[in-house]
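Undergrad: Curious how this folds, go ahead:
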Amino acid sequence: MSDKVNEGLWAWKQSENNNRMIELQAGADAVGEVRLGYFGGSAFRITTPAGLTLMIDPWRNPPWGTWNWYLCDFPEVEVDIGLSTHAHFDHDALHRLRASTLLDRLIGRFEFADATITGIADKHVSDASHADVDWAGLTRKLTPLETLPPNNWRSFDNTIYVIETGGLRILHWGDNRPDPGPGVWDQIGQIDVALLPIDGSKHILGYDQVAALRAKIGAKIVVPHHYFIWNVTHRASTLTTPNEWMESQTNSQWADSGEVALPRDWVKSQDGLALCFGENVCFEPPQFGAAKDSTELA
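TA: Model (predicted):
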């Protein structure tokens, strides 16, 4: 009999347990503020006022092993709930989490403690002709993988998440196409905080697409993700920084750490704020020596 000890999920080997979930399901007081932490890539940790923690889109390097996208492994973070928007390596590393509940590509509604999560089924962007590198076109030319709906492979499905907690509606776009199918916009509704894939290479969304999306959902705050960080992301990713987009915004703010508080009244008072974590993440990335200007590496 072959050794299968390392196959599949590994929760059975984790020393943590679900005690916090038992406490939360009994009705914990929602007395804190919503907090948003950034882990590079498209990975965010949302902490609700009651203390429930959700990690969206933890990442890993390509499993085929011929090249790397990241310079390190995703930290083995303990959270209550782990979520993934789609089945790409830079979004699907739920196995890296020490989580009580895993929601992989959730479609539908999940309610627990002081959070409601709605997963809306749509499709990954498959037209990258606006980007510096037309990776979608190259994928179709160089591999058998079909990216175009309706006959796309599973990895080009995408779930858009809307998380409601603390009086806020937070959207995680994943890598969704800019023109979702019928009914998706109605399910999304108006959004307070939009987590959108924005970088200078326009890998997922072009700047015009970001502007149209932002206007459609009425986002009070837009937070970029899916961008290059010099000591987290490999140059082979072809991603660049969000600096160019941030500099084009009339109302912008750079976070000074990897986590920020999102008080409800403050968020509601914002009018199109661009809030970016830049190089700040919620873990210790590798140190390769200080660059004179790390933005030059992008």
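Undergrad: where are the low-confidence patches of this structure?
TA: Scanning the chain with the threshold set as pLDDT under 70 gives 1-2, 289-298.
Undergrad: Quick one: residues contacting the most centrally placed residue in the chain.
TA: Among the residues of the chain, Ser42 comes closest to the average C-alpha position under CA atoms, centre = their mean, at 3.1 Å. For Ser42, the contacting residues are 56-57, 59, 85, 90-91, 172, 174-175, 195, 197, 225-226, by CB atoms under 8 Å, 6 or more residues apart in numbering. Glycine gets a C-beta too; all of them are placed from N, C-alpha and C.
Undergrad: mind listing the helices for the stretch 101-250 of the chain?
TA: 135-142, 184-188, 207-217, 243-247 (DSSP state H, counting those that start in this stretch).
Undergrad: Any chance of those in a markdown table with distance to Cys282 as columns?
TA: Shown next, in a markdown table, are the helices of the stretch 101-250 of the chain (distance: least, CB to CB, whole Å):
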| stretch | distance to Cys282 |
| --- | --- |
| helix 135-142 | 28 |
| helix 184-188 | 27 |
| helix 207-217 | 24 |
| helix 243-247 | 20 |
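Undergrad: who's the closest residue to Ile56 other than its chain neighbours bridged to?
TA: Counting by CB to CB, 6 or more residues apart in numbering, Ile56 lies nearest to Leu83, which is 4.8 Å off, once chain neighbours are set aside. With DSSP bridges as the criterion, Leu83 is bridged to Ile56, Leu103.
Undergrad: how close does Leu83 get to Arg105?
TA: In this view, Leu83 and Arg105 are 9 Å apart by CB to CB, to the nearest Å.
Undergrad: So between these two, which is more surrounded?
TA: Leu83 (30 against 18; other CB atoms under 10 Å).
Undergrad: Just the buried residues of the contacts of Ser42.
TA: 56-57, 59, 85, 90-91, 172, 174-175, 195, 197, 225-226 (16 or more other CB atoms under 10 Å).
Undergrad: re earlier: within the helices and strands, which one has the residue nearest to the centre of the chain?
TA: Take DSSP states H and E as the rule and Ser42 turns out to sit in neither a helix nor a strand.
Undergrad: Tell me the spacing between it and Pro180.
TA: 18 Å.
Undergrad: Trp10 too?
TA: 35 Å.
Undergrad: of the two, who's got more company?
TA: Comparing Trp10 with Pro180 by other CB under 10 Å, the one with more neighbours is Pro180, at 20 against 12.
Undergrad: and the residue nearest to the more buried one when sequence neighbours are not counted, how many neighbours does it have?
TA: The spatial neighbour of Pro180 that comes closest, neighbours along the chain excluded (CB to CB, 6+ apart), is Asp122 at 4.6 Å. Using other CB under 10 Å, Asp122 has 22 other residues around it.
Undergrad: and the closest residue to Ser237 other than its chain neighbours, how many neighbours does it have?
TA: Distances taken as CB to CB, 6+ apart put Trp69 closest to Ser237, at 5.0 Å, once the chain neighbours are dropped. Using other CB under 10 Å, Trp69 has 20 neighbouring residues.
Undergrad: In this structure Trp69 contacts Pro62, no?
TA: Yes - the criterion here is CB atoms under 8 Å, and Trp69 meets it with Pro62 at 6.2 Å.
Undergrad: list the residues that contact both of those two?
TA: Counting by CB under 8 Å, 6+ apart, the residues touching both Trp69 and Pro62 are Phe89.
Undergrad: And the strands in the stretch 151-298 of the chain?
TA: 157-165, 168-172, 193-197, 221-225, 252-254, 259-262, 273-276 (DSSP state E, counting those that start in this stretch).
Undergrad: and the fifth one, which strands flank it?
TA: Sheet partners assigned to strand 252-254 using DSSP bridges are listed as strand 273-276 (parallel).
Undergrad: With the fourth one instead?
TA: Based on DSSP bridges, the pairing partners of strand 221-225 within the sheet are strand 193-197 (parallel), strand 273-276 (parallel).
Undergrad: And the contacts of that strand?
TA: Strand 221-225 is contacted by residues 36, 38, 41-44, 192-199, 210, 214, 242, 245-246, 262, 267, 270, 272-277 when judged by CB under 8 Å, 6+ apart.
Undergrad: what's the neighbour count on Gln287?
TA: Using other CB under 10 Å, Gln287 has 7 other residues around it.
Undergrad: quick one: contacts for it?
TA: Applying CB under 8 Å, 6+ apart, the residues near Gln287 are Asn231.
Undergrad: Having no further points to raise, I will conclude here.
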